[in-house]
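*Asks:* Turn this into a model:
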Amino acid sequence: MDQGFTIPKFQLPGFIARIGEKLPQWPHAVALTTALNAAAKLGLLPEDSLAAMEGKTFVVQVYDTGGQAAFTYRGGFFRPLFRPAGTPDLAFRANLSAFLQVATRQEDPDTLFFNRELSIEGDTELGLIVKNMLDAIDLSQLKPRLPQLPRSLPFISQR
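*Replies:* As a prediction, the model looks like this:
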């Protein structure tokens, strides 16, 4: 992330969450599990942490968008849960700005948790494993592994 850019704390207007809650939630789970599987395939997620997640269920809920992603880790893959049943083993809940701040490493999850901006519910040991796994990701490893776009794309006019 650019050092000069910071993500401010914000909350989207309430009507967005009310609309978002009425929309299908499975696309969120598909997108998140696709990203997590790509990170695992690139070797960014520690194998021992993944093994500890086997058979566990997770929920990531974004309060101010009304979005929720439910998924599991089974057989070496993150898999979306289209009809989650029961209480997940671990749930993370926050507003969009908090998740963006964690993703860009602008804020530590512990700080957001103690400031009551991030809710973590469920298996404490599993939560610690996930937090340590995310902390261990070296984002600088990601950039060289991303495919480079060609300088000119045939479908874009160069005029």
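*Asks:* which residues touch stretch 124-137?
*Replies:* Residues outside stretch 124-137 that contact it (CB atoms under 8 Å, 6 or more residues apart in numbering): 39, 44-46, 49-50, 52-53, 56, 89-90, 102, 109-110, 120. Any C-beta I mention is one placed from the backbone N, CA and C, and that applies to glycine too.
*Asks:* filter those residues to the buried ones?
*Replies:* In terms of neighbour count (16 or more other CB atoms under 10 Å), the buried residues within those are 39, 44-45, 49-50, 52-53, 56, 89-90, 102, 109, 120.
*Asks:* Now, the contacts of stretch 124-137 that are in strands?
*Replies:* 90, 120 (DSSP state E).
*Asks:* Pick the one among the contacts of stretch 124-137 closest to residue 96.
*Replies:* In terms of CB to CB, no member of those lies closer to residue 96 than residue 102, at 11.0 Å.
*Asks:* Could you pull up the residues touching the nearest residue to that closest one once chain neighbours are set aside?
*Replies:* Using CB to CB, 6 or more residues apart in numbering and skipping residues adjacent in sequence, the residue nearest residue 102 is residue 109, 5.4 Å away. Shown in contact with residue 109 (CB under 8 Å, 6+ apart): 102, 118, 120, 131, 134.
*Asks:* isn't the first one right next to residue 110, touching?
*Replies:* In this case it means residue 102. No. Assessed by CB atoms under 8 Å, residue 102 is found out of contact with residue 110, at 10.2 Å.
*Asks:* now the end-to-end length of stretch 87-102.
*Replies:* One end of stretch 87-102 sits 24 Å from the other (CA to CA, to the nearest Å).
*Asks:* separation between the closest residue in space to residue 107 that isn't next to it in sequence and residue 64?
*Replies:* Leaving aside its sequence neighbours, residue 107 sits nearest to residue 101 (CB to CB, 6+ apart; 3.9 Å). As judged by CB to CB, to the nearest Å, residue 101 and residue 64 stand 14 Å apart.
*Asks:* if you count what's nearby, which of these two comes out ahead?
*Replies:* Remark: of residue 101 and residue 64, residue 101 carries more neighbours, 23 against 18, as counted by other CB atoms under 10 Å.
*Asks:* which strand residues sit across from residue 91 in the sheet?
*Replies:* Counting by DSSP bridges, residue 91 forms beta bridges with residue 59, residue 121.
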